[in-house]
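> Take a look and give me a structure for this.
(one chain, ligands or ions: 1)
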Amino acid sequence: MTDAAAAAGAAPAGVTGPEIVGAPAAPGAAGTAAGLEAASVALGLIWAQSSDGTIGRGGVMPWHLPEDLAHFKQVTLGAPVVMGRKTWDSLPPRFRPLGGRRNIVVTRQADWAAEGAEVAHSVQSAVALAASSAPLPATDAPVAPVAPVAPVAPVAPAPVATDAPATGTLQVPDAAPKRIWIIGGAELFSAVIDEADLLEVTEIDAAFEGDTQAPHLDASWSVAATDPADAEPVSWHTSRTGLQYRFLTYARR
Ligand SMILES: NC(=O)c1ccc[n+]([C@@H]2O[C@H](COP(=O)([O-])OP(=O)(O)OC[C@H]3O[C@@H](n4cnc5c(N)ncnc54)[C@H](OP(=O)(O)O)[C@@H]3O)[C@@H](O)[C@H]2O)c1
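Numbers count the residues shown, from 1 in each chain. The predicted structure is shown next:
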């Protein structure tokens, strides 16, 4: 898919109105803020947050947690990732585009372009683009931080986490992805969370001041898994940086 095609917002060949597997719409619901149609490609959101819900400050993440960056890569590798333009900008240039993943960037700027980024001008067209079967980049880049941190050692590629079975009727080519990861930031998360069926959240056991907050999780979400496994009492991993953190997987009730 070319940038021009993406910019046109055209659905990829063979994909007419991608269906997105997620929570069923509330009875009578006429759509979502993002205007995403009901569904057949699963949407997941992934982020890291402080104990007080901060995900960003001044255009970056206000912590250094290399284990989270490795986790991020492990979860998203091989899948398309969709991000807001500010999140793209937050990536250190040497890590852009994120290796081994299609990088789809949403912007309202008609002339925005960046090497390695596929451009979409709406969330809907970004999801349509991500749902297409365009080939993945041939090479993998180093672990890609979503913050201005030092590179960490690449981790072994791992399968994309928990692909949900397709339950819709969308005619998606075999090579099309089963899951798309929305990787931020807050503006993108708020636009798509109602259509998502999975959240991968890294929780840091410390408060950080910030200007960008994690999305509010309503009662339709419940914790499906924790790592470390002990949820009660809560247990934590300890980073080599000294921060304590844990991975939480949320699914729809
Ligand atoms: N902790 C984490 O896991 C994590 C993950 C990701 C990001 N972050 C942090 O979050 C912050 C960035 O988040 P953010 O919410 O400020 O920005 P963002 O969501 O990354 O990007 C916002 C931009 O995306 C474009 N956009 C958003 N909605 C659009 C729509 N419906 N149609 C077309 N374009 C649209 C616009 O780009 P234009 O202005 O170009 O039109 C908008 O300014 C940074 O601090 C970053 O470090 C943290």
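> so is residue 245 in a helix, a strand, or just coil?
strand (DSSP: H, G, I helix; E, B strand; the rest coil).
> which residues sit in contact with the closest residue in space to it that isn't next to it in sequence?
Computed as CB to CB, 6 or more residues apart in numbering, the closest residue to residue 245 that is not its neighbour in sequence is residue 204, at 4.9 Å. From N, CA and C alone the C-beta is placed, and that goes for glycine too. Counting by CB atoms under 8 Å, 6 or more residues apart in numbering, residue 204 touches 48, 49, 50, 51, 63, 65, 243, 244, 245.
> do the same with residue 105
Taking CB under 8 Å, 6+ apart, we find residue 105 in contact with 82, 83, 84, 85, 88, 112, 114, 117, 118, 119, 120, 126.
> How about residue 103?
Contacts of residue 103 (CB under 8 Å, 6+ apart): 81, 83, 88, 96, 97, 116, 117, 118.
> switch to 7 Å and redo it
By CB atoms under 7 Å, 6 or more residues apart in numbering, the contact set of residue 103 is 81, 97, 116, 117, 118.
> ok, the closest residue to residue 227 other than its chain neighbours to residue 202 distance?
Leaving aside its chain neighbours, residue 227 sits nearest to residue 247 (4.1 Å; criterion: CB to CB, 6+ apart). The gap separating residue 247 from residue 202 is 6 Å, by CB to CB, to the nearest Å.
> same question, residue 93
24 Å.
> ditto for residue 62
Distance from residue 62 to residue 202, by CB to CB: 14 Å.
> neighbour-wise, which of these two wins?
Per other CB atoms under 10 Å, whichever of residue 62 and residue 202 has more neighbours is residue 202, with 21 against 17.
> coming back round to it: counting neighbours, which of the contacts of residue 204 end up buried?
Among these, the ones that count as buried by 16 or more other CB atoms under 10 Å are 48, 49, 50, 63, 65, 243, 245.
> can you count the residues close to residue 210?
Neighbours of residue 210 (other CB under 10 Å): 21.
> Contact residues of the stretch 1-150 of the chain facing the ligand?
Residues of the stretch 1-150 of the chain lying near the ligand by CB under 6 Å from any ligand atom: 47-48, 55-56, 59-61, 83-87, 90, 106-109, 112, 121-123, 146-147.
> again, only this time at 8 Å
Proximity of the stretch 1-150 of the chain to the ligand, by CB under 8 Å from any ligand atom, involves residues 34, 46-49, 54-61, 68, 72, 83-90, 105-109, 112, 120-123, 146-147.
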